[in-house]
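>>> Have a look; sequence and predicted model below, questions after that.
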Protein chains: 2
Amino acid sequence: MKDIPTAMLADMRPNVLHPRCPSRQILQHLTSRWGALVLVALAGRTLRFSELRRALGDVSDRMLAQTLQGLEADGMVHRIAHEVVPPHVDYSLTEIGEEAATLVKGLADWVERRLPDILRDCKTR
Amino acid sequence: MKDIPTAMLADMRPNVLHPRCPSRQILQHLTSRWGALVLVALAGRTLRFSELRRALGDVSDRMLAQTLQGLEADGMVHRIAHEVVPPHVDYSLTEIGEEAATLVKGLADWVERRLPDILRDCKTR
DNA sequence: GGAAGTACGTACAAATTAGTTAGTATCCCG
DNA sequence: CGGGATACTAACTAATTTGTACGTACTTCC
């Protein structure tokens, strides 16, 4: 017998609109402030910690580390630590990580493309 | 002369990885905890305030109102208040709102579809 | 008549997220 | 030899987000 997550038995299938469905939490990790940006920055390439920090421009070490650990725990990010004395750690996306990143990046690209139109109607500045 | 947003002059074109690019803030609104779920819930249909609240399951009135106002200010949500005595307000997506919702929903659907695989590799439960 | 529903606004409190500073061991650069 | 880069962690504080409770002005239902 396979072991099926409780949430699926409860309401038949994953649904982000259901408060207790794990899919909602995963979605939240992917769309969190730094999570989404990390996925965008890491899409299709490998970066080390400090390169990632510079790519995002204004993350603190603490938040970047925390975000990366979260995404790693979710199986989205792959971490390779080279055991050398000035530390060297490479971050890249796993297979599902890349899939997620493609979609998140699609959204980011859309926002960038549509920004002029959005700003025209936008009441905030 | 057209008036071009400062951020675009600064680094040529919108880029969510740039800390001060407005696209980053728009992206954050779209991917905020309740923002993303509101877009999913509202995609392709009109709902009133209380229907929306029930659809999301566990938002507080305060957060739902705040989220809707934010998305309305960004030009994503359209609000129609019927001037009747027991209040009746309809919410729907604008044209760009629908476009954004399609992408956000794409991500949500992907998470739901891939949930079994994600959960298998996931270290958190 | 009392209860519930409606779409919020407003205080206030709690929870979550984020930033700051300092520290680590070692190497490279000037 | 001092200074900076490297990848973090821990402790502490600050900022932001979120929830709770209550009020509103009426209507419908029991």
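Arrived safely, thanks for sending.

>>> Show me what counts as buried in stretch A:72-91.
A:72, A:74, A:75, A:76, A:77, A:78, A:91 (16 or more other C-beta atoms under 10 Å in any protein chain shown). Just so you know, the C-beta spots here come from the backbone N, C-alpha and C atoms, and that holds for glycine as well.

>>> Phi and psi next, for the fourth one.
The main-chain torsion angles of residue A:76 are listed as degrees, to the nearest 10 and equal phi -100, psi -30.

>>> Surely it touches residue A:99?
No. The criterion here is C-beta atoms under 8 Å, and residue A:76 misses it with residue A:99 at 9.2 Å.

>>> Report the residue spans of chain A with pLDDT below the cut-off.
Confidence mapping of chain A against pLDDT under 70 gives the ranges A:1-11, A:125.

>>> can you give me the strands in it?
A:47-48, A:77-82, A:88-93 (DSSP state E).

>>> Nearest approach to residue B:12 belongs to which of the ones you listed?
Taking C-beta to C-beta, strand A:47-48 is the member of those nearest to residue B:12, at 22.1 Å.

>>> quick one: the closest one near chain B?
No. Using C-beta under 8 Å from any C-beta of the partner chain, strand A:47-48 stays clear of chain B, coming no nearer than 11.8 Å.

>>> For chain A, what lies in contact range of DNA strand D?
Applying C-beta under 7 Å from any atom of the strand, we find that chain A lies next to DNA strand D at A:48-51, A:61-62, A:65, A:68-69, A:79, A:81, A:86-89, A:91.

>>> now with 6 Å?
Contact residues, chain A versus DNA strand D (C-beta under 6 Å from any atom of the strand): A:48, A:49, A:50, A:61, A:62, A:65, A:86, A:87, A:88, A:89.
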